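Colleague: Got a predicted model here, sequence first, then my questions.
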Protein chains: 2
Amino acid sequence: MDKNPLFHKFVAFTAAVHQVTHEMTKDVKFEAITPVQYKILEYIAISQPVTLSEISDCMHMSMPNTSRELRKLNEKQLCEKITDGEDRRKQFIRLSEKGEALMNEAFQRIESRFVQRIKNIPEAELKEIERALDLLHSKVFY
Amino acid sequence: MDKNPLFHKFVAFTAAVHQVTHEMTKDVKFEAITPVQYKILEYIAISQPVTLSEISDCMHMSMPNTSRELRKLNEKQLCEKITDGEDRRKQFIRLSEKGEALMNEAFQRIESRFVQRIKNIPEAELKEIERALDLLHSKVFY
DNA sequence: CCATTTGCTTATCAAATGATAAGTAAAGGG
DNA sequence: CCCTTTACTTATCATTTGATAAGCAAATGG
């Protein structure tokens, strides 16, 4: 397909990452949640508290659509909005208790699949893997 | 979020990969193509010739939906179906000339963004990156 | 042969997502 | 103050995607 072998590896690698994350994250959401809503919850879980604009930016979706999905998550009592004291236009969004519980369970399932995947790898190699993750994260996937 | 630091890195890393691939692949498709259709073309480009069932399996979509999207791509003259001589139920699918041209252009754009991203990295480090890609691909993202 | 399975198609429906126009209230800046 | 900008909401619409039922022709296997 291409003569630059590093680029070729990059493409094959990213395809594999997408494939594996799909396998590891499928069926982790029992609650009636759409894929986009799950992605939003995931983002909130990692970055909370966040504003609506931040979600909109990072998830590459328009403000109106973000607002709508957030309202739905709110109705399902999975997250809550807190108006900022400083700037009362801003909404700080965090997971509700129910949302935290949901995401904890989801992350636990993913982690157990991850552990399954690496369980036969010796300690020394795990160290190498950790270094490889660090290297690629800082140099290529930043 | 979690006490297993390797898992934490794994999560952060995969999120970053998704983020970066999104940035690198957005706007690479001028032709009136939906995201799913682009994904299918990408898969065909890398794995051709493929059967409809293979696309269906790998892209995690049902046969009817795969068939529909493929028909649309066919109507846009981006791919073509060739009935197998051995088993006349099977359809071998490959890109048309127009489809090849489209995907070549897309891949070139992605590659130039990739090159942009790594242009200041010295040769020795690139070697390390290549090794890191190989390691993670074989041990974690297989 | 005939029944069953495989590979794919057609049709239809519901749901999810994306895009746009128009609005509100608060903040900031002359 | 008033004008503009910012942060977000509401409403509406088109498109995309997902799911299901029903079908067909070729192959397979008694």
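Modeller: Happy to help now that I have it.

Colleague: Could you confirm whether stretch A:110-128 reaches chain B?
Modeller: Yes - using Cβ under 8 Å from any Cβ of the partner chain, stretch A:110-128 reaches chain B at A:110-111, A:114-115, A:117-118, A:121, A:125-126, A:128. Any C-beta I mention is one placed from the backbone N, CA and C, and that applies to glycine too.

Colleague: Can you pull out the residues in contact with that stretch?
Modeller: A:23-25, A:28, A:129, B:2, B:4, B:6-7, B:10-11, B:135, B:139-140 (Cβ atoms under 8 Å, 6 or more residues apart in numbering or on different chains).

Colleague: Quick check: the farthest pair among those residues?
Modeller: Greatest spatial distance in the contacts of stretch A:110-128: A:V28 and B:L135, 26.6 Å, computed using Cβ to Cβ.

Colleague: what's the nearest residue to the residue nearest in space to the middle of chain A if we skip its chain neighbours?
Modeller: Most central in chain A under Cα atoms, centre = their mean is A:E42, positioned 4.4 Å from the mean C-alpha point. Leaving aside its sequence neighbours, A:E42 sits nearest to A:M103 (Cβ to Cβ, 6 or more residues apart in numbering or on different chains; 7.1 Å).

Colleague: what's the burial count for that neighbour?
Modeller: 22 (other Cβ atoms under 10 Å in any protein chain shown).

Colleague: Shouldn't it be within a strand?
Modeller: No - assigned with DSSP: H, G, I helix; E, B strand; the rest coil, A:M103 falls outside any strand and is helix.

Colleague: For it, give its distance to DNA strand D.
Modeller: Distance, A:M103 to DNA strand D, using Cβ to the nearest atom of the strand, to the nearest Å: 21 Å.

Colleague: what residues are up against that residue?
Modeller: The contact partners of A:M103, taken as Cβ under 8 Å, 6+ apart, are A:41-42, A:45, A:95.

Colleague: any idea how far DNA strand D is from A:A124?
Modeller: 40 Å.

Colleague: Find the helix or strand that that residue is a member of.
Modeller: A:A124 is part of helix A:123-139 when elements are defined by DSSP states H and E.

Colleague: A:D87 now?
Modeller: Judged by DSSP H and E, A:D87 forms part of no helix or strand.

Colleague: residue ranges with poor pLDDT in chain A?
Modeller: Low-confidence segments of chain A (pLDDT under 70): A:1-3.

Colleague: Can I get the helix or strand harbouring A:R117 in PDB, CA atoms only?
Modeller: A:R117 belongs to helix A:97-118 when assigned by DSSP H and E. Only the C-alpha atoms of helix A:97-118 are listed here, as PDB (Å, rounded to 0.1, in the frame of the first residue of the first chain):
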ATOM      1  CA  GLU A  97     -23.800   8.400  42.500                       C
ATOM      2  CA  LYS A  98     -25.700   6.200  40.100                       C
ATOM      3  CA  GLY A  99     -23.400   7.300  37.300                       C
ATOM      4  CA  GLU A 100     -20.300   6.600  39.300                       C
ATOM      5  CA  ALA A 101     -21.600   3.200  40.100                       C
ATOM      6  CA  LEU A 102     -22.300   2.500  36.500                       C
ATOM      7  CA  MET A 103     -18.900   3.600  35.300                       C
ATOM      8  CA  ASN A 104     -17.100   1.800  38.100                       C
ATOM      9  CA  GLU A 105     -18.700  -1.400  37.000                       C
ATOM     10  CA  ALA A 106     -18.000  -0.700  33.400                       C
ATOM     11  CA  PHE A 107     -14.300   0.000  34.100                       C
ATOM     12  CA  GLN A 108     -14.000  -3.000  36.300                       C
ATOM     13  CA  ARG A 109     -15.300  -5.200  33.400                       C
ATOM     14  CA  ILE A 110     -12.800  -3.600  31.000                       C
ATOM     15  CA  GLU A 111     -10.000  -4.000  33.500                       C
ATOM     16  CA  SER A 112     -10.800  -7.700  34.000                       C
ATOM     17  CA  ARG A 113     -10.600  -8.200  30.300                       C
ATOM     18  CA  PHE A 114      -7.400  -6.300  30.200                       C
ATOM     19  CA  VAL A 115      -5.900  -8.400  33.000                       C
ATOM     20  CA  GLN A 116      -7.100 -11.500  31.200                       C
ATOM     21  CA  ARG A 117      -5.200 -10.300  28.100                       C
ATOM     22  CA  ILE A 118      -1.900  -9.700  29.800                       C
END
